[in-house]
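> sequence and predicted structure, then a few things I'm wondering about:
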Amino acid sequence: MMDGIKKKTAAGAAAGSLLMMLGVFATPAAGGEAAFKDCPQCAQWNQQRKPFRIYGNTYFVGTAGLSSILVTSDYGHVLIDGGLAQSAPLIKANIEALGFKLTDVKAILVSHVHPDHAGGVAELQRQSGAQVYALRTAEAVLRTGRLTQDDPQSASKTATITPVPQVWVVQDDQLLGVGALRMRAIATPGHTPGGTSWTWDACEDGNCLKMIYADSLSAVAAGKYRFKDHPEVLQAFASSFSRAESAPCDVLLTPHPDASQLFQRLDPEGGTRAASIKDDTACRRYVQAARDTLARKLASEG
């Protein structure tokens with residue numbers, strides 16, 4: 001067992017079996033209400049979808065167009081991403097449909113803080129009592145509910161979320177543990193400043209695979225933002241591309257399931273299950289698609 005640091009928050013929330021390896025806890029801060037508007041695709045993304053097991057202790061509990069991943073253990077569970085604000089009750093229902101309890105979720109992790117992936121986090125945290133973890137560069141957005149100016153989509157004034165009252169900071173390459181689970185944070189900024197990918201092992205019948213929930217790597221901007229004017233963001237993308245394509249990657253999962261063809265590979269509703277879900281080339285293809293998107297975006301900026 002690796003040595004860890006157990007620590008209580010200022011609000012007195014007990015760490016229990018939750019360990020942060022070499023971790024630093026943020027001081028919780030209070031927030032208010034927020035709304036998400038002007039998203040024509042969100043209604044389709046938020047269509048209910050039957051949950052299913054991906055591999056071992058890893059389950060899809062999200063919606064038709066937004067991933068939410070449950071990773072289970074005997075000592076509590078980890079939930080990655082909370083979809084839209086309107087997704088929270090659907091995610092809760094999916095967790096329960098699989099025979100688990102939302103109150104057994106001990107940690108909620110975030111890929112990036114946009115309303116379609118972090119919008120439901122505050123409500124899921126409230127109902128579960130779980131601790132929410134994010135990189136320092138994402139913490140302020142979670143606590144305030146508003147994008148920072150260094151986000152390429154910050155000009156989208158409606159891109160807000162309900163603030164998360166309790167956020168704990170994780171560091172790049174840090175392990176977070178719940179029971180026997182070990183989830184590793186990998187900083188993958190570019191799409192947002194605080195973009196984070198998560199890796200862990202999942203085992204089935206004695207065969208363990210390297211799982212990765214790779215954050216969005218697409219170059220998307222709002223307003224008059226030009227990537228050519230932000231070399232620091234281009235450098236962040238370059239670093240993230242390198243880290244994502246070199247990360248352990250037997251099974252690729254992504255914040256939007258279609259980005260990794262999840263339902264084409266594993267679709268209980270359609271009767272589809274790949275003979276083997278292992279594909280150690282998936283991350284490289286995912287990164288190459290992101291590189292191509294960025295190149296097209298830069299070319300379009302003139």
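Yep, that arrived. Everything quoted here is computed from the prediction, not taken from an experiment.

> low-confidence ranges, the chain, go.
1-38, 157-158, 267-275 (pLDDT under 70).

> ok, and the closest non-adjacent residue to the residue sitting nearest the centre point of it?
The centroid of the chain falls nearest to Ser111 when counting by Cα atoms, centre = their mean (2.7 Å). Spatial nearest neighbour of Ser111, chain neighbours left out: Asp215 (4.3 Å); criterion: Cβ to Cβ, 6 or more residues apart in numbering. Bear in mind the C-beta positions are built from the backbone N, C-alpha and C, glycine included.

> number of nearby residues for the one you found?
Other residues near Asp215 come to 27 when the count uses other Cβ atoms under 10 Å.

> surely it is within a strand?
No - using DSSP: H, G, I helix; E, B strand; the rest coil, the assignment for Asp215 is coil, not a strand.

> before we move on, the earlier item: OK, contacts around the residue nearest to the centre of the chain?
Ser111 makes contact with 80-81, 117, 195-198, 213, 215-216, 255 under the criterion Cβ atoms under 8 Å, 6 or more residues apart in numbering.

> kindly report the same for His114.
Here His114 is in contact with 147, 153, 159, 192 (Cβ under 8 Å, 6+ apart).

> rewinding a little: TSV for the contacts of Ser111, including secondary structure and distance to Val167?
Formatted as TSV, the contacts of Ser111 follow (DSSP: H, G, I helix; E, B strand; the rest coil; distance: Cβ to Cβ, whole Å):
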residue	secondary structure	distance to Val167
Ile80	strand	15
Asp81	coil	15
His117	helix	15
Gly195	coil	16
Thr196	strand	13
Ser197	strand	18
Trp198	strand	16
Tyr213	strand	19
Asp215	coil	17
Ser216	coil	20
Pro255	coil	19
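
> ranges for the helices of the stretch 201-302 of the chain?
Counting by DSSP state H, counting those that start in this stretch, residue ranges of the helices within the stretch 201-302 of the chain are 231-246, 262-265, 282-300.

> redo the ones you listed as CSV? Include mean neighbour count and distance to Ser87.
What follows is the helices of the stretch 201-302 of the chain, written out as CSV (neighbours: other Cβ atoms under 10 Å; distance: least, Cβ to Cβ, whole Å):
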stretch, mean neighbour count, distance to Ser87
helix 231-246, 17, 25
helix 262-265, 17, 16
helix 282-300, 15, 23
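
> same list, these, but as CSV with distance to Asn46 please.
Formatted as CSV, these follow (distance: least, Cβ to Cβ, whole Å):
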stretch, distance to Asn46
helix 231-246, 27
helix 262-265, 15
helix 282-300, 24
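
> all strands of the stretch 101-250 of the chain, in order?
Ranges of strands within the stretch 101-250 of the chain are 105-109, 131-135, 168-170, 175-178, 181-187, 196-204, 207-213, based on DSSP state E, counting those that start in this stretch.

> for the residue nearest to Pro193 when sequence neighbours are not counted, give me its contacts.
Using Cβ to Cβ, 6+ apart and skipping residues adjacent in sequence, the residue nearest Pro193 is Thr137, 4.6 Å away. Residues counted as contacts of Thr137 (Cβ under 8 Å, 6+ apart) are 187, 189, 193-194.
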